[in-house]
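A.B. asks: sequence plus the predicted model coming up.
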Amino acid sequence: MATVQYVWHFHHSVLVEALTEPIEARIADIKWNKPIDEQALRLRLLHLVKGQLPTAFVDASLAYHEARATYYGAGATYYGAEVALGKARANYYRVQVACSTEINALHAVECPGCPWNGLTIFPKVIANA
């Protein structure tokens, strides 16, 4: 697999994830499809990870995305791919939790003043729901 880049806040409810499309496409999507009052914050927080994420997290992420690609392209092997995806997803989330201290420390350095509360970059919206 080619070198994977990681990005902070690609989606509002995910802290860090592998970049699976050009970041410019996401920027265009935000500008065209997201509410005006969310755009500035989304665009300010969306940026590539510069530091080194934990190796275990990167390995789990790569395995998850490979399983995800298999899942979506499987067709006749749908069930087997679904099982692999489920196992990879469970491991990815387990490792993400295990590495959360390191990931959050890196995030604090690279994204100062960020409103991320562990669930979203829009904590006031969640609190008022």
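C.D. replies: Everything's here; your move. Numbers count the residues shown, from 1 in each chain.

A.B. asks: give me the helices and strands touching the helix or strand harbouring Ala90, please.
C.D. replies: Taking DSSP states H and E as the definition, one finds Ala90 inside helix 78-98. With contacts defined as 3 or more CB pairs under 8 Å, 6 or more residues apart in numbering; DSSP states H and E, helix 78-98 has these neighbours: helix 55-73. The way it works is simple: take the backbone N, C-alpha and C, and place the C-beta from them, glycine included.

A.B. asks: what's the local residue count around Val109?
C.D. replies: Around Val109 sit 10 other residues, with neighbours defined as other CB atoms under 10 Å.

A.B. asks: what about the residue most central in space within the chain, is that helix, strand or coil?
C.D. replies: In the chain, the C-alpha closest to the average C-alpha coordinate belongs to Glu17, at a distance of 2.5 Å (CA atoms, centre = their mean). For Glu17, the reduced secondary structure class is strand; criterion used: DSSP: H, G, I helix; E, B strand; the rest coil.

A.B. asks: isn't it right next to Gln5, touching?
C.D. replies: No: counting by CB atoms under 8 Å, Gln5 is not a contact partner of Glu17; they are 10.3 Å apart.

A.B. asks: quick one on the thing from earlier: kindly state the beta-bridge partners for the residue nearest to the centre of the chain.
C.D. replies: The partner list for Glu17 in beta bridges (DSSP bridges) reads Val7.
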